[in-house]
Structure formats: C-alpha cells, structure tokens
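structural data only, the sequence is not supplied:
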C-alpha cells in the first residue's frame, strides 16, 4: 500500500505552549480545540462532569482533565506542566500547558524549551499587562520561533477593531525591546468560538486565519537549523558479531544541519578530520540525515570518538571554550551559589563547572536589568558566567537551541536546578 | 530535490529512539518492561531500531499475573527468541506464595495491584537501575504529568509534586544508591499514533487485537473475557460475541470491545471514530478518581 493512501503520512508535528491564569480564558480556548478535534472522549467528559459536581462546581472545569494529581484536585491548583494531545487531518499537536500561579517561570520555561510556538492570551478588557510582558519575555528568551497573541474576550469589548489595534500596537512596542520572532495577532472569543475554529461573523474587519487555521499553517519545517552540521554522539554501536565484525557506528540524533555520505567532518574533542562513510538506520542506508532524525553514522577512519564527542562539519565548527556566558533560569528553592560547583549536562556531554559571576538579574515584569541585588532564587532569570572543567563545544542558543542549551545539576541532591541558554 | 522534513510518526520515532539510547548510555543495568500489549510491542520495535545491527542491549521483563491471554505469552516468547533478546519472567504467584503479596478477594478481585510488589522485588533482586515502560501521557491523567525520566526513591515510590524539571532533550538520570528510574520512551504518543505506526512499519501483532469470537460476559457496562478464574455474578451470563481487545493486560481487568475490525486499517478507522478512551474499559482505573496515581506512587508501571 502506498503512502498516498494514508493521509496521516503527510501529517507534521507541532509543539506549542500555552501560559496564563485561570480567568483569561485559556482553559476555555484549549477545551474548545480539544473538544472540536474530538480529543476529549465521552468517558473523560463523564468523569470530568462527575469530578466537577463532586467539587460543587456547576460548570465543567477543564483543568480537571489533566490536573490528575490528588493534591491538585484537592487544592484546585495546577502544579506542573500538563501535556495534552490532539490532531487534525493536517497536524498532530502537543500542547505543553503551563499553570499561571505558582512556579510560574519554571513551568513556562520548561514548557517553552521544546515548543515551536507560544500562545499568549491577552484579555481584551485589560490589554497588555505585566503578565503579558512576562510571557513575551520568556518566549523570546527561549527563542520560540512563533508567537500567537490571542486577544481574547472580544465579545466583552463589542468586537471593537480599535481595542484590538491598540493592544496589538502595545504588544509590538514590548516585542521591539526583545529579540522577538515571528508574531501573529488574532482577535478571538474563546467562549463564543469566534476565530477559534470557525471565522468570526462578529468581526468582519479581521481577515486573517482562525486560531486553528494558524496552528495548522505555521511553517514548522523552517524552525530547524539546517545550516550548521552538529551530531552529538550518544552511544557507540559495536556488535562484535561474525556478521558485523568491524562495525563501529556512532548513534545519535542530528542536532542541526545536514550530514551527507562523503562529507568531510571532524570529531570533537580531538579535531581529527575524516569522512562520513555511511549513515545507517535500522538496516537501511541513508544518503543524508537532518534534524531531528536519530541515526547511526560510520566514519572512514578509526578515530577516538565516544559518548560526549560531537561530529561536526570540517569547515563549519562550533565555538570552543571553558568560560561560558549564559542566561540562566533558576528552577530550585535552594538559591544559586556564587563560586558554587554544579554538574553540567550539555548534549550528551557531562562535566562540572563553577559559577564565577552573576552579571545581572532580569526583572521579567518590566524587562529591566537589576544590578544591585545579585542573589538568584527560584523562578529568577540572570546572566551568569561559568567556568567548566574541560572545554565545551557549543553554539549560541539563538543560533542553535540544541547545542546552545544546558542544565545545571546540584551535586548533592541530583536535582536539576538551572536551565541555561548560552549567549 | 532533497527533503528535510519528516512526518509526525517519524519525529516521534526519532524522539523515542533518542530516549532509549540515553537510557543505555546513562544506566548500568536497564531493563524494558514487556506486557505483550501494543505499547510494549512498539517500544521494543523502537529499541530494536535504535541499536541495529547490535542486538537489543538489555533484557525484557514480564511481570506475569498468571491471568493471561495464552496468545500473549506465545507472542512474547516468539519475539524474544526471534530477536535473540533475553527474557525475564517474574510471577505474581511467587509473591503470593512467599507471603509478599496477598490475593484480593471478591468478584472484582484482580492481581493488577499485586504486580507492583513483584515488580519492585524483581528490580531490587536483579539490581536494575532503570526500568523502561510503555506508559503514554495521553492514557490517563496521572500520566499526563509524568516525565520521560521519572525518578524513584529507594522504596520505588514516585513523588509527583517534586519531579525534576525536564527541559529540551536533556534527560538527567543522576541518582543515589538504591534509587532507580522509570523511563517512558513513548510518552508523547497517542493511541492513534501507536496504531498508525504499527501500520506504517508493518509490525506483526497478536491476533487478540483483531476481531474474533470469544466467550464474554457483561459487567458494569463493559464486556469482559470469560476465563476459568473469573467469578460471575448471578445476573451475568456468558455469551459468544465478536470482539477485539483495545488494550491487553491481565484478563481480570481488561475489557474487550465489540468489533468487526479485521485489519490495521479497520482498527485505525475504529479508533478515529471512537468516543471512549481505550482505558474506558479498564476496571483497574475505575476504582477511584486517583486510582492510577495511587498505584504509581507505590511503584506501579
């Protein structure tokens, strides 16, 4: 049977993150998408209604769909990033839905780290507020390729084009101070369904895509970095069997760029030059590989390559240093310790570091730098410098989300305490 | 023209393979839990692809309740033999016999919960530091917040309120002595993705998933397979129906669906049209609103 017979073979994957508080209509918006795309089933709906009634609520509370933990239900709060799934005939969607109240920054950074798009909800009555700036800042910091600004509750401002235009101008003003990506604006009413799945008849002045239409149309294929070939080695495959006696393959996932058979590459550290002999995947040979494919690369010469090594293009190489400047989002109750030692995980590489300096903190509500108080606690974002025990091979996060990101791990508790984006 | 894009199934495949390879690289003694259900079949297929031409570099482990569909056991044994993979089977019956687990009583008695005892004992006895499972986040609400790399303390417990943040593709398997990890490589797959992938890869499946005639009875609105160790209530009667399994687990708590689906294409049609989740007929989840969380906290799959 050919691929053409199955529509799903043409489907793409889009990951997006939604952030916001309970009353800005986020649940209603996501609920409508899930229900209209049949991602909520009858038994889930039944359980949801029952759970809502048990808690004395009259309306179905969508958060109960994924707030599955006992503590969340009892306290009526969302503790963690919840992942939800739905699909249309064009795309499969993964939503990282992040709660608005507690652990706000930590959760949004986590959800944003793998997202192609960020959905930012703005209440049409309130316009651009502190929370909106916070969302915009984090979306820019995490380098999310697409931002969808949904001006919600348009029904409560008489579907006014003026209100929409003013909010749009205010947001553009905020975004101009950030390194913002591709931004889209749309006026919606999640409650009434205007411009969510179907075009609004109440706002004939808006001629753009609906929310779902836009989610289906965002050019996600262009989000990958295809220009800088980077291949972090995860594992060395050596079968030592009669059939594959001399087989030595480097298993990993293409972080960025395109690798081709015959291409001149170097393996870092070491930097010896060789050629790609073959790209294997489950018994098949590929001519080339690109992100985010997981493959196995074989090299022409036997050189020292192991987990933590990176195979890169011979001409186009990453930066190399033991002193690294980065933006860090702190994820733990225990504050960052200046001169403290941490484990670093960067691609498949593990090393240790000392935090040598905190340059400044960021007030993410005003997007201003703070220079007088340099203590970095939970949910705070700062620019820091680290010194590593051995050289790291990296690109800037803006250029490469994969080779430009790292996590800091507390050596005593093994907890992940910092999310780093290399400058 | 070279193409630099892949469809959603290939992207999910690449992600899962990445996760499985991380497990082998980061842990000393990993094991893959295998129930013979579609999710563990897909997970094993991904493991096979991840390391080819190397044989899968970890054993499979089945926690056997003794209440199986015979076919599942045959499928499991054939798969291990065909691929040269080591298979470990641990029996809930042994845990009951040596007093570690106590059999439930009554009509809805099931050995589902008891599996946790056998599983944790096996992990400790065999010194596994990571057990991969086929859990998916879309399956159940307590799973929606599960990490790919899920940390377990020395009692095998899960602390959902204090999970480690998981960012980008950076999975942290650091742990203290006696602790272990559960890793869920197909976290981001839905039931639909699993079936579409099985079709795309042409993976052989146990025939239980396709329509067949079976002796069944109706309990609380769900069809259950009849078996010698199932007790019937007075108003329940066994009849023969055309059914298929939508999930495969322990017989005592796995419902079957009335279905004529004869091929993978039929199943995909059926899943697409279905308005009830696959766990809708799993009696084990219906015990309470937080039934899954409670079992998971204790160390369930």
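Structure's in. What do you need? This one's a predicted model, so the numbers in the text were calculated from it and none came from an experiment. Residues are numbered from 1 along each chain as shown, chains lettered A, B, ... in the order given.

please report how far residue B:42 lies from chain A.
14 Å (C-beta to the nearest C-beta, to the nearest Å). (Each C-beta comes from the backbone N, C-alpha and C, glycine too.)

per-residue confidence for that residue?
The model reports residue B:42 with a pLDDT of 97.

surely it and residue B:186 touch.
Yes: using C-beta atoms under 8 Å, residue B:42 makes contact with residue B:186 at a distance of 6.5 Å.

any residues in contact with both of those two?
B:134, B:194 (C-beta atoms under 8 Å, 6 or more residues apart in numbering or on different chains).

contacting residues around the nearest residue to residue A:212 once chain neighbours are set aside?
Nearest residue to residue A:212 in three dimensions, chain neighbours excluded: residue A:197, at 4.9 Å (C-beta to C-beta, 6 or more residues apart in numbering or on different chains). Residues in contact with residue A:197 (C-beta under 8 Å, 6+ apart) are A:32-33, A:36, A:210-212.

could you rerun that using 10 Å?
Neighbouring residues of residue A:197 by C-beta atoms under 10 Å, 6 or more residues apart in numbering or on different chains: A:32-33, A:35-37, A:88, A:210-213.

now secondary structure, neighbour count and pLDDT too, for these, in JSON lines please.
Output for the contacts of residue A:197, formatted as JSON lines (DSSP: H, G, I helix; E, B strand; the rest coil; neighbours: other C-beta atoms under 10 Å in any protein chain shown; pLDDT from 0 to 100):
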{"residue": "A:32", "secondary structure": "helix", "neighbour count": "21", "pLDDT": "75"}
{"residue": "A:33", "secondary structure": "helix", "neighbour count": "23", "pLDDT": "81"}
{"residue": "A:35", "secondary structure": "helix", "neighbour count": "14", "pLDDT": "72"}
{"residue": "A:36", "secondary structure": "helix", "neighbour count": "16", "pLDDT": "70"}
{"residue": "A:37", "secondary structure": "coil", "neighbour count": "16", "pLDDT": "70"}
{"residue": "A:88", "secondary structure": "coil", "neighbour count": "18", "pLDDT": "85"}
{"residue": "A:210", "secondary structure": "coil", "neighbour count": "19", "pLDDT": "94"}
{"residue": "A:211", "secondary structure": "helix", "neighbour count": "23", "pLDDT": "95"}
{"residue": "A:212", "secondary structure": "helix", "neighbour count": "21", "pLDDT": "93"}
{"residue": "A:213", "secondary structure": "helix", "neighbour count": "17", "pLDDT": "94"}
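
which of those residues lies closest to residue A:97?
For those, the minimum distance to residue A:97 (C-beta to C-beta) is 11.2 Å, reached by residue A:33.

my guess is that closest one contacts residue A:212. True?
Yes: the pair residue A:33 / residue A:212 is scored as a contact, 6.5 Å apart, by C-beta atoms under 10 Å.

any common contacting residues for those two?
With C-beta under 10 Å, 6+ apart, residue A:33 and residue A:212 have common neighbours A:86, A:88, A:93, A:196-197.

so which of those are in strands?
Among those, the residues falling in strands (DSSP state E) are A:86, A:93.

biggest separation within the shared contacts of residue A:33 and residue A:212, which pair?
A:93 and A:196 (13.9 Å).

which neighbours do the two share?
Common neighbours of residue A:93 and residue A:196 (C-beta under 10 Å, 6+ apart) are A:33, A:212.

where does residue A:339 land in three-state SS?
Here residue A:339 is recorded as coil under DSSP: H, G, I helix; E, B strand; the rest coil.

not counting its neighbours along the chain, what's nearest it?
residue A:354 (6.3 Å).

specify the beta-bridge partners of the one you found.
Taking DSSP bridges, one obtains residue A:341, residue A:387 as the residues bridged to residue A:354.

pretty sure it contacts residue A:408?
No: with contact defined as C-beta under 10 Å, residue A:354 does not reach residue A:408; the gap is 11.1 Å.

which neighbours do those two have in common?
Common neighbours of residue A:354 and residue A:408 (C-beta under 10 Å, 6+ apart) are A:340, A:342, A:386.

tally of neighbours for residue 24?
You didn't pick a chain, so chain A it is. Counted with other C-beta atoms under 10 Å in any protein chain shown, the neighbours of residue A:24 add up to 23.

I was after chain B.
21.

quick one: it and residue B:51 touch, right?
Yes: if you go by C-beta under 10 Å, residue B:24 and residue B:51 touch, sitting 7.5 Å apart.

what touches both of these two?
A:235, A:251, B:57-58.

check which helix or strand covers residue B:224.
strand B:222-225 (DSSP states H and E).

sorry, wrong one. I was asking about residue B:1.
Applying DSSP H and E, one finds residue B:1 in no helix or strand.

all strands for chain B, in order.
Counting by DSSP E, one finds strands in chain B at the ranges B:30-33, B:60-64, B:87-91, B:130-132, B:149-152, B:180-183, B:212-219, B:222-225, B:239-245, B:255-258.

any part of the strand holding residue B:224 near chain A?
No: using C-beta under 10 Å from any C-beta of the partner chain, strand B:222-225 never reaches chain A; the gap is at least 10.5 Å.

measure how far that strand is from the centre of its chain, please.
Centroid separation for strand B:222-225 versus its chain: 19 Å, with C-alpha atoms, centre = their mean, to the nearest Å.

same question for stretch B:248-255.
The answer for stretch B:248-255 is 12 Å, by C-alpha atoms, centre = their mean.

now do stretch A:346-355
Stretch A:346-355 sits 21 Å away from the centroid of its parent chain (C-alpha atoms, centre = their mean).

tell me the mean pLDDT for it?
96.

so how far is residue A:267 from the residue nearest to residue A:299 when sequence neighbours are not counted?
Once flanking residues are discounted, residue A:299 sits nearest to residue A:274: 4.8 Å by C-beta to C-beta, 6+ apart. The spacing between residue A:274 and residue A:267, counted by C-beta to C-beta, to the nearest Å, is 7 Å.

who has more neighbours, these two?
Legend: neighbour count by other C-beta under 10 Å for residue A:274 and residue A:267, higher for residue A:267 (22 against 18).

doesn't the more buried one belong to a strand?
Yes: counting by three-state DSSP, residue A:267 falls inside a strand.

residue contacts, it?
Counting by C-beta under 10 Å, 6+ apart, residue A:267 has contacts A:231, A:233, A:250, A:273-274, A:299, A:301, A:303-306, A:309-312.

go ahead and build a PyMOL selection from the buried members of these.
Command for PyMOL, covering only those of the contacts of residue A:267 found buried under the criterion 16 or more other C-beta atoms under 10 Å in any protein chain shown:
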select buried, chain A and resi 231+233+250+274+299+305+309+310+311+312
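
show me which of the contacts of residue A:267 is closest to residue A:259.
For the contacts of residue A:267, the nearest to residue A:259 is residue A:231 (6.3 Å; C-beta to C-beta).

which residues sit in contact with that closest one?
A:250, A:252-257, A:259, A:265, A:267, A:276, A:279, A:289, A:291, A:295, A:297, A:309-313, A:347 are the contacts of residue A:231 under C-beta under 10 Å, 6+ apart.

work out for me the element it sits within.
strand A:230-237.
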